[in-house]
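**Q** sequence-free structure coming up:
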């Protein structure tokens with residue numbers, strides 16, 4: 001299927017045709033859906049796949065279904081590896097980013113003299129909640145005021161001081177979709193022996209990402225947004241060069257090198273990323289998420305990225321023409337897949353969009369977020385832009 005679709009896309013050569021073609025592969029809610037930064041649309045085959053690979057094994061095998069179920073978590077990791085140009089064994093399924101970060105902090109070497117964790121107020125709030133609790137383990141926290149200076153190397157040179165143990169770095173920020181030069185910052189952190197954790201929740205599924213190029217220590221992500229995989233299917237990538245350096249406290253039988261040994265007196269960390277897995281894993285979320293990732297793989301991330309760029313540029317143009325303040329950067333290379341627009345001076349504009357069933361959400365100070373994906377068409381965006389002109 002993937003080869004056929006890519007062939008059609010290349011033959012037609014128009015992003016709008018791609019969107020019309022692929023819209024049929026998703027269940028898109030009524031209205032003009034621009035909430036992919038929050039929850040991506042469900043693939044049409046997700047329910048069938050869940051019945052086939054989760055419920056059928058449960059119904060037919062009961063307690064002997066684990067072999068088939070674990071095949072599905074392995075498939076999830078294999079698809080992530082294809083998507084991010086990495087190896088399956090370097091990925092570990094997770095419930096969400098918050099719990100993953102807790103595991104990573106617990107795994108930091110206690111012998112280190114560096115006791116500062118650096119994060120930003122532009123990170124998703126859960127990150128701040130977790131980092132603040134690290135004080136119970138003896139860590140100090142340093143919160144960057146904003147990512148406004150993300151491309152200023154002198155800024156990072158000062159921030160990455162010798163007391164920093166861990167840098168939490170969001171590739172694309174949640175509110176204003178500011179995009180980071182990850183490779184450069186991670187390289188600077190590595191030169192100073194600072195552990196780097198990169199959050200790709202707002203970039204995975206809309207931006208091309210090659211994890212092999214970054215050389216970060218850890219990468220965390222979620223399937224619920226642009227990957228169209230639903231909630232509950234988070235993931236962790238662990239750099240294979242230092243995987244055995246870190247030993248998490250939050251473990252369980254699936255963190256064991258041999259989960260089915262069942263010897264309460266013997267625990268041995270899994271030699272790869274699975275040491276971060278924990279106790280009895282969920283299965284259903286990863287069956288569903290695999291459908292979303294496979295669908296996007298079939299389409300091609302370059303097509304998704306190009307289509308999103310085109311639609312975002314049109315929205316930004318319309319907002320400028322309407323005199324509406326835009327968030328984020330004026331440089332397209334410094335932006336993610338979301339357009340943020342301020343309606344602080346024209347709050348009635350929010351009601352107008354809602355009345356016409358534009359699906360979006362609001363953040364502080366009447367900041368609205370709009371995120372076109374591959375299932376959005378140019379025709380939809382033109383309707384939306386016409387409404388912006390009326391605000």
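**A** On my side now, so go ahead. Worth saying up front: this structure is predicted, and the values here are computed from it rather than measured. Numbering: from 1, shown residues only.
**Q** In contact with residue 84, which residues?
**A** 204, 209-211, 237 (C-beta atoms under 8 Å, 6 or more residues apart in numbering). Placement of C-beta: from N, CA and C, glycine included.
**Q** and if we set it to 7 Å?
**A** Contacts for residue 84 (C-beta atoms under 7 Å, 6 or more residues apart in numbering) come out as 209-211.
**Q** Mind checking which of those residues are in helices?
**A** Using DSSP state H, residue 211 are the members of these that sit in helices.
**Q** Buried among the contacts of residue 84? Make that a ChimeraX selection.
**A** Buried residues among the contacts of residue 84 (16 or more other C-beta atoms under 10 Å), as a ChimeraX selection:
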select :209,211
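**Q** Please report how far the closest residue to residue 227 other than its chain neighbours lies from residue 58.
**A** Distances taken as C-beta to C-beta, 6 or more residues apart in numbering place residue 205 nearest to residue 227, at 3.9 Å, with adjacent residues excluded. Counting by C-beta to C-beta, to the nearest Å, the gap from residue 205 to residue 58 is 29 Å.
**Q** more crowded one of these two?
**A** Neighbours per residue, other C-beta atoms under 10 Å: of residue 205 and residue 58, the larger number sits with residue 205, 30 against 14.
**Q** what's that one sitting at in phi/psi?
**A** Per-residue torsions, residue 205: phi 110, psi -10 (degrees, to the nearest 10).
**Q** Do I have it right that it meets residue 297?
**A** No: between residue 205 and residue 297 no contact is recorded; they are 10.4 Å apart, counting by C-beta atoms under 7 Å.
**Q** which residues in the stretch 51-200 of the chain form strands?
**A** 91-94, 116-120, 140-144, 164-170, 195-199 (DSSP state E, counting those that start in this stretch).
**Q** Nearest to residue 353 among those strands would be which one?
**A** Nearest to residue 353 among the strands of the stretch 51-200 of the chain is strand 164-170 (27.0 Å), distances taken as C-beta to C-beta.
**Q** Neighbouring strands of that closest one in the sheet, and parallel or not?
**A** According to DSSP bridges, strand 164-170 forms sheet pairs with strand 116-120 (parallel), strand 195-199 (parallel).
**Q** which residues touch the last one?
**A** The contact list for strand 195-199 (C-beta under 7 Å, 6+ apart) reads 97, 104, 108, 165-171, 182, 186, 189-190, 214, 216-220.
**Q** Give the rounded mean pLDDT of it.
**A** The average pLDDT within strand 195-199 is 97.
**Q** And the first one, by the same measure?
**A** For strand 116-120, the mean pLDDT works out to 95.
**Q** quick one: that strand to strand 140-144, angle?
**A** Calculated by axes from the mean of the first three to the mean of the last three C-alpha atoms, to 10 degrees, strand 116-120 forms an angle of 20 degrees with strand 140-144.
**Q** Any idea how far strand 116-120 is from the middle of the chain?
**A** On the basis of C-alpha atoms, centre = their mean, to the nearest Å, strand 116-120 sits 20 Å off its chain's mean C-alpha point.
**Q** what's the answer for stretch 333-348, then?
**A** With C-alpha atoms, centre = their mean, you get 20 Å for stretch 333-348.
**Q** Span of that stretch from start to end?
**A** Length of stretch 333-348, first residue to last, C-alpha to C-alpha, to the nearest Å: 32 Å.
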